[in-house]
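# Sequence below, structure please.
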Amino acid sequence: MHLLRQLLLSLPLLLVATAPVPVIVLRAEVLPFVPTEFYIADVVDQRPVKSAFAQLMLRPDRPVEAIDLEGGTGPAIERYITLSLRRNTKLRPIVLRITAGRLTETPGPRGSINGKLELGLAFDVRREDENLSLISYAGNARYQRPPGQTDVIEKTIRQSLNEGLKYLNNFMNKQAESYPALAGGLTISVTDVKTRTPASSDTVFYDPDRALTWDDFRAPPPPNNRYAAQIMPGVAYEGHSVVEKGKIKVLLKLKVFMIKSQSWVKEVGHNDYALNHEQRHFDIARLAMERFKKALNPDSLSLNDYNSNIQYRYIEMYRALGERQQRYDAETIHGINQAAQAHWNRQIDAELRSFGY
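Got it, this is the predicted structure:
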């Protein structure tokens, strides 16, 4: 018991629990900043080797001893942060991952003891039940102490941890409004490409004020095809995103077009009735893109995976478009069935009007 008391007196920041094994206790303090963009929601110990945090020279006549933080590295750091950093759960939840944590002491000059701390922290934001990586922090430090004076051990760990939290706070204050992973909402801005291309262009973009003409059908008719004409319509989208005022803004350009060099007409097909049939193929493509546009409800898109969400809706639209084009040709017999053609004309016109065309 006498030896145990002597150890406690010489190590004011190391405690002894029920077993005679000292531990490092991090002293709670009020940090000099209050987070306004985040709170620490969880602390996870992800060190490759979860051994005792420190290897300390407690007595010159003994080898280094493995000394851990009180309760283990993860719980000790989490407890310290909980007591030292104000926590507002209405802010963004941050997960702190301990990727490295080890303090090693070695003999120094003239009987002193050298200490080396390696602390690695990684910070993730938790959004939609996923952890998104933000930044990492390396808090390496060194000290030299005389035997018997151990205050610097806890202080070095605590200061390095504080610097990591300060680093996170500065990052969040600067990046909260513009960093994609920190965005808290999503908006979509859609532009329909209606560029009037010159006559020499191979592309005609859909424009309700510019109907197709036979001059748009430039490909030579295939010799063994029994139909009078064929259009090659297409749909596509392109886009990018920016973060403005803490929200992701998705900017999309939607394209409905036909390719002149892949669209053809035979001499026998040069009439208004046949041209209308081909125009309706073009209209059907426009309607498909309108439905795609309508499906892009920001509330139905994931902040973490909105690109995949949009792509999936596009693929679904494209599949439905192909099926409807085939059904249109099948029911009208490629325009031969005039009654069916008239029915489709009315249906397509009504749908176009419903979308403002």
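# Skip the chain neighbours and tell me the closest residue to S136.
Closest residue in space to S136, ignoring its immediate chain neighbours: A122 at 4.5 Å, by Cβ to Cβ, 6 or more residues apart in numbering. Where C-beta positions appear, they are placed from N, C-alpha and C, glycine not excepted.
# what secondary structure does that neighbour sit in?
At A122 the chain is in strand, as set by DSSP: H, G, I helix; E, B strand; the rest coil.
# which residues touch the nearest residue to V23 once chain neighbours are set aside?
Nearest residue to V23 in three dimensions, chain neighbours excluded: E70, at 4.4 Å (Cβ to Cβ, 6+ apart). Residues in contact with E70 (Cβ atoms under 8 Å, 6 or more residues apart in numbering) are 15, 23-26, 76.
# gap between E70 and L31?
20 Å (Cβ to Cβ, to the nearest Å).
# so what's the residue lying closest to Y237 once chain neighbours are set aside bridging to?
Spatially, and ignoring its direct neighbours in sequence, Y237 is nearest to L254 (5.1 Å; Cβ to Cβ, 6+ apart). Note on L254: beta-bridge partners by DSSP bridges are D192, Y237.
# what packs against the lengthiest helix in the chain?
Ranked by residue count and defined by DSSP state H, the top helix of the chain is helix 306-332. Contacts defined by 3 or more Cβ pairs under 8 Å, 6 or more residues apart in numbering; DSSP states H and E place helix 306-332 against strand 233-244, strand 247-259, helix 272-295, helix 338-354.
# got the buried residues for that helix?
Buried residues in helix 306-332, defined by neighbour count with 16 or more other Cβ atoms under 10 Å: 306, 309-310, 313-314, 317-318, 321, 325, 328, 332.
# picking that back up, list buried residues within the contacts of E70.
Here, 16+ other Cβ under 10 Å leaves 23-26, 76 buried among the contacts of E70.
# Could you point out which of the contacts of E70 is nearest to D45?
In terms of Cβ to Cβ, no member of the contacts of E70 lies closer to D45 than A76, at 9.8 Å.
# Please tell me how far V152 sits from R145.
Counting by Cβ to Cβ - V152 and R145 are separated by 5 Å.
# who touches both of the two?
In contact with both V152 and R145: G115, using Cβ under 8 Å, 6+ apart.
# Geometrically speaking, which residue is the centre of the protein?
Centroid-nearest residue in the chain: N304, 4.2 Å away (criterion: Cα atoms, centre = their mean).
# does that residue belong to a helix or a strand, and which?
Here N304 sits in a region with no helix or strand, counting by DSSP states H and E.
# ok, it - contacts?
Per Cβ under 8 Å, 6+ apart, neighbours of N304: 127-128, 130, 132.
# swap in V125?
By Cβ under 8 Å, 6+ apart, the residues touching V125 are 38, 92-95, 131-132, 134, 181-182.
# I248 contacts G184, correct?
No. Assessed by Cβ atoms under 8 Å, I248 is found out of contact with G184, at 9.1 Å.
# who has more neighbours, the two?
Neighbour tally, I248 and G184, criterion other Cβ atoms under 10 Å: the higher count belongs to I248, 19 against 12.
# now the more buried one: how far from V152?
46 Å.
# Pull the number of nearby residues for the closest residue to F355 other than its chain neighbours.
Nearest non-adjacent residue to F355, counting by Cβ to Cβ, 6+ apart: E290, 4.5 Å away. Other residues within reach of E290, judged by other Cβ under 10 Å, total 20.
# so the residue nearest to Y237 makes contact with K194?
No. With contacts counted by Cβ under 8 Å, L254 stays clear of K194, the gap being 10.0 Å.
# Check what pLDDT S200 gets.
For S200, the pLDDT comes out at 89.
# Could you do the one 3 residues further on as well?
T203 is assigned a predicted lDDT (pLDDT) of 97.
# wait, what's in contact with the closest residue to it other than its chain neighbours?
Excluding the flanking residues, the one nearest T203 by Cβ to Cβ, 6+ apart is F257, at 5.2 Å. Neighbour list for F257: 203-206, 233-236 [criterion: Cβ under 8 Å, 6+ apart].
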